[in-house]
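Engineer: attaching a predicted model along with its sequence, questions to come.
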Amino acid sequence: MIECQCNKKFKLSENGGGKECIMIKKKVTKIFAACMTAAVLLGSVHMDVRAETLKTTFKETEPNDTKETAELIQANKETAKGYATATFEGRFEVNGETDEKDPDWYKVYLNAGTQYMTCYVKPFSFLIEDESGNTVTEDTYTYADTTRFGRTAYEFKVQKEGYYYVRILGCDPASGHYEFTVGSPTYSMDNCKIPCVEGVINMTASGGTKKAHFDGRELTALPKDAVAEYVRLEVKSTSINSAKLINERSGKSLSLEFYPFLKRSLASMNIPVESMWTAELKYGYKSSFTPVLTVQYVYPIYYIENQ
């Protein structure tokens, strides 16, 4: 007789030259049999879950060459704040390897409405189908020159919420790396300078308050739905004691730090850059200067990043 770590007693028997452990108590055998039965039953059940606990970056695993072997992934739900703080909160990115004869299939739960298939790295084609096999959208991502172009997004409409299938197929005989998100758009960041509408600001009295305006609506290259992450009021004058910045479109005001006059970590406030901005400047003595408003902004990628 020998004893295991759980203090259960076993005896050894010979069986065709090999040794096997036979538990004395039949109760344990029954428990084992019950566990095996449960495992078989669970294996035959379709686990219809929404992948809420999957990691931010998902690496494909073969086999996934058919809809029947599609890997369950999560819809992208990235936020402007997540990108600005580099936590990438809500981002769910898939990456893998494929060629023109190696389809990779994924299954994802999408809400009804506008969604985005955002692609990156090597060229590949994609197809999105509903559970009945109807094509929702298909296209080919070709912008592989990431020194000029970043991520490319393809907009599509989802008529009703539910599970959808995504097929990825390479555009080259050689295997190549791909990355994509599907669901909400991903984000990027850039900055701009907004000139003062009045040009030169003249402080004519020995003290008081003066307003300066900056029209973000006149920025021709500003991406759609860009929101401020950081603002800095460039004022080359020591006469300014304090500054408050008001975004007219949102009605939100910012008391700027002194000196220089700036405010950080704004992405969660959703302050649109495309707006008239008003600076209220309190000053102590007569001076003249030409202020400029610098804005670092975060924006959703609706088409091609940095273009």
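Structural biologist: Received the coordinates, thanks.
Engineer: make it CA atoms for all contacts and neighbour counts henceforth
Structural biologist: Noted.
Engineer: so for stretch 101-121, first residue to last residue, what's the gap.
Structural biologist: Counting by Cα to Cα, to the nearest Å, the length from the leading to the trailing residue of stretch 101-121 is 19 Å.
Engineer: tell me who's in contact with the spatially closest residue to residue 297 that is not a sequence neighbour.
Structural biologist: Taking Cα to Cα, 6 or more residues apart in numbering as the measure, residue 297 lies nearest to residue 228, with 4.3 Å between them; neighbours along the chain are not counted. Under the criterion of Cα atoms under 8 Å, 6 or more residues apart in numbering, the contact partners of residue 228 comprise 266-267, 270-273, 295-298.
Engineer: so which of the residues you listed wins on neighbours?
Structural biologist: Neighbour count (other Cα atoms under 10 Å) singles out residue 273 as the most crowded of the contacts of residue 228, with 30 neighbours.
Engineer: tell me the spacing between it and residue 203.
Structural biologist: Relative to residue 203, residue 273 is positioned 27 Å away (criterion: Cα to Cα).
Engineer: ditto for residue 270
Structural biologist: 32 Å.
Engineer: do residue 77 as well
Structural biologist: When Cα to Cα is the yardstick, residue 77 and residue 203 sit 48 Å from each other.
Engineer: ok, now residue 162?
Structural biologist: For residue 162 relative to residue 203 (Cα to Cα), the value is 61 Å.
Engineer: those two - which one has more neighbours?
Structural biologist: Taking other Cα under 10 Å, residue 162 and residue 203 do not tie; residue 203 has more neighbours (21 against 14).
Engineer: next, the closest residue to residue 91 other than its chain neighbours: secondary structure please.
Structural biologist: Distances taken as Cα to Cα, 6+ apart put residue 78 closest to residue 91, at 4.3 Å, once the chain neighbours are dropped. Here residue 78 takes the coil state, with states given by DSSP: H, G, I helix; E, B strand; the rest coil.
Engineer: next, count neighbours for residue 78.
Structural biologist: Residue 78: 22 surrounding residues under other Cα under 10 Å.
Engineer: where's it relative to residue 298, distance?
Structural biologist: Counting by Cα to Cα, the gap from residue 78 to residue 298 is 12 Å.
Engineer: so who does residue 92 touch?
Structural biologist: Taking Cα under 8 Å, 6+ apart as the contact definition, residue 92 lies against 55-58, 74-78, 181.
Engineer: apply 6 Å and report the result again.
Structural biologist: By Cα atoms under 6 Å, 6 or more residues apart in numbering, the contact set of residue 92 is 56-57, 76.
Engineer: check residue 270 too.
Structural biologist: Counting by Cα under 6 Å, 6+ apart, the residues that residue 270 touches are residue 227.
Engineer: try 8 Å this time
Structural biologist: Residue 270 is in contact with 227-228, counting by Cα under 8 Å, 6+ apart.
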